[in-house]
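Q: Following is a predicted model, sequence given first.
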Amino acid sequence: MRFRAAVLRSHEDPFTVEEVALRTEPAAGEVLVEIAGCGMCRTDLAVRRSAGSSPLPAVLGHEGSGVVVRTGGGFDTALGVGDHVVLSFDSCGHCRNCRGAAPAYCDSFASLNLFGGRGKEAPRLTDAAGGALAPRWFGQSSFAEYALVSARNAVRVDPALPVELLGPLGCGFLTGAGAVLNTFAAGPGDTLVVLGAGAVGLAAVMAATAAGVLTVAVDRHPRRLALAERFGAIPLPAGTPGRAERIRRLTGGGAQYGLDTTASAPLVNDALRALRPTGSLGLVARLRTALPLAPGTLDRGRSIRHICEGDAVPGLLVPLLTRLWQAGRFPFDQLIRTYPLSDINEAERDCDAGRVVKPVLLPAGRSR
């Protein structure tokens, strides 16, 4: 079948919306999804800075949502034609971590999600001239009108929900909310500081408010801080003098938990200083340089760790987040601006410039 997709051909060039061909039917355990919307994540855009680690040309996109139009059957395909689904990251399902309900730490996570996916198979996705395109970015490649995915990373959702807006629940919003609800298991009486009020940070703020957690949000953009305040956090400009001490005062002696989305060494060090004894700091941004820690930042039982995909089992967390949204307690839709797929380069520019928190691309003119 042929359909349109946004192709990234080099690290420097803009996306091009082209006709591509899917050269296989769904196998057992797979489903073909007609994409209704796909969020644009910083991880998609980071491919431009990671020459050699992600094969190009490729179809990116890993916050897809849509409707199942074909299934491959098989024992593990519990989805049917017409089901509305949110797509999340891929995992093998049989390694020790997958069996232990930690699919974000799958032994095959990198090969399935970051390097084009299942590279030893014959090309499944090609351009109009027959050239191979790296498929299954994060198990999806959903900057497209259709995506062929494992049923394992497709989560059925209520068809009454606005399916075109739900894709970011599979990654960005899942990561922020999962850090609060899964990693920290934070609840009433707990305190949290969130560094960076982008999509992940604001999702953490919303989840923390829903869980009854007192939260301080730190960012350098006044508009982002205004959003954090709207969602229940105490806003703190990143340039505030004595930042760590200010956070300690706002949280009544120090935050129990911290979530860094910035990979900024000064902010990470201040967050550690702002933690109460035994406090924990989680990092979700990828570190691209060494992270120097000041003496004393890990004293008194404080700890630091990386958090992948919010420690989430998507099949459990995505339905919880949609229920919270329906109850008015997780208003993620207020962070979204939609663009037609043809405007993907405008969406990227707006995302880079901070003019939008979460772009969502809507495929148009679908053809089978």
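A: Yep, it's here.
Q: going forward, measure contacts between C-alpha atoms and count neighbours the same way
A: Fine.
Q: And the helix or strand hosting residue 277, what's buried?
A: Counting by DSSP states H and E, the element that carries residue 277 is strand 275-283. Neighbour counts over strand 275-283 (16 or more other Cα atoms under 10 Å) mark 275, 276, 277, 279, 280, 281, 282, 283 as buried.
Q: Just the pLDDT at the last one, thanks.
A: At residue 283, the model reports a pLDDT of 97.
Q: Would you mind measuring from it to residue 90?
A: Separation of residue 283 from residue 90 (Cα to Cα, to the nearest Å) stands at 21 Å.
Q: Quick check: residue 357 touching residue 333?
A: No - counting by Cα atoms under 8 Å, residue 357 stays clear of residue 333, with 10.6 Å between them.
Q: Show me the shaky parts of this structure.
A: Within the chain, the stretches with pLDDT under 70 are 51-53, 74-77, 115-123, 135, 365-368.
Q: Provide a list of residues in contact with residue 16.
A: Residue 16 is in contact with 6, 7, 8, counting by Cα atoms under 8 Å, 6 or more residues apart in numbering.
Q: In JSON lines, list those residues along with secondary structure, distance to residue 132 and neighbour count.
A: Shown next, in JSON lines, are those (DSSP: H, G, I helix; E, B strand; the rest coil; distance: Cα to Cα, whole Å; neighbours: other Cα atoms under 10 Å):
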{"residue": "6", "secondary structure": "strand", "distance to residue 132": "14", "neighbour count": "27"}
{"residue": "7", "secondary structure": "strand", "distance to residue 132": "11", "neighbour count": "24"}
{"residue": "8", "secondary structure": "strand", "distance to residue 132": "13", "neighbour count": "20"}
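Q: Closest to residue 153 out of those?
A: Nearest to residue 153 among the contacts of residue 16 is residue 6, at 21.5 Å by Cα to Cα.
Q: so what's the closest one closest to, chain neighbours aside?
A: The spatial neighbour of residue 6 that comes closest, neighbours along the chain excluded (Cα to Cα, 6 or more residues apart in numbering), is residue 17 at 4.2 Å.
Q: And the one you found, how far from residue 7?
A: Counting by Cα to Cα - residue 17 and residue 7 are separated by 6 Å.
Q: same thing with residue 238?
A: Residue 238 is 36 Å from residue 7, by Cα to Cα.
Q: Tell me which helix or strand comes right after the helix or strand in which residue 206 is found.
A: In this assignment (DSSP H and E), residue 206 forms part of helix 199-210. With elements assigned by DSSP H and E, the helix or strand that comes after helix 199-210 is strand 214-219.
Q: which of the residues in stretch 14-34 are buried?
A: 15-17, 19-22, 29-34.
Q: The residues you listed in helices, which ones?
A: Nothing among the buried residues of stretch 14-34 maps onto helices, per DSSP state H.
Q: Tabulate the residues you listed (TSV), appending distance to residue 314.
A: Output for the buried residues of stretch 14-34, formatted as TSV (distance: Cα to Cα, whole Å):
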residue	distance to residue 314
15	29
16	31
17	29
19	31
20	29
21	29
22	26
29	17
30	17
31	17
32	19
33	17
34	20
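Q: and those, which of them are in strands?
A: Judged by DSSP state E, those include 16, 17, 19, 20, 21, 22, 30, 31, 32, 33, 34 as members of strands.
Q: Distance check, the first one against residue 91.
A: To tie it back to what came earlier, the one meant is residue 16. Counting by Cα to Cα, the gap from residue 16 to residue 91 is 29 Å.
Q: now swap in residue 78 and tell me
A: For residue 78, the distance to residue 91 - Cα to Cα - is 17 Å.
Q: and the residue nearest to residue 113 when sequence neighbours are not counted, helix, strand or coil?
A: Once flanking residues are discounted, residue 113 sits nearest to residue 138: 3.7 Å by Cα to Cα, 6+ apart. Using DSSP: H, G, I helix; E, B strand; the rest coil, the secondary structure recorded for residue 138 is helix.
Q: how far away is residue 138 from residue 101?
A: 18 Å.
Q: Those two: which has the busier surroundings?
A: residue 138 (29 against 14; other Cα atoms under 10 Å).
Q: Now tell me what touches the host helix or strand of residue 257 from outside.
A: Assessed by DSSP H and E, residue 257 sits inside strand 255-260. Under the criterion Cα under 8 Å, 6+ apart, residues 179, 184, 190-196, 201, 247-248, 267-268, 271-272, 274-285 lie in contact with strand 255-260.
Q: I'd like the distance from it to the chain centre, please.
A: How far strand 255-260 lies from its chain's middle: 19 Å, per Cα atoms, centre = their mean, to the nearest Å.
Q: partners of it in the sheet?
A: According to DSSP bridges, strand 255-260 forms sheet pairs with strand 191-195 (parallel), strand 275-283 (parallel).
Q: Can you point out the buried residues in it?
A: Within strand 255-260, the residues that qualify as buried by neighbour count (16+ other Cα under 10 Å) are 255, 256, 257, 258, 259, 260.
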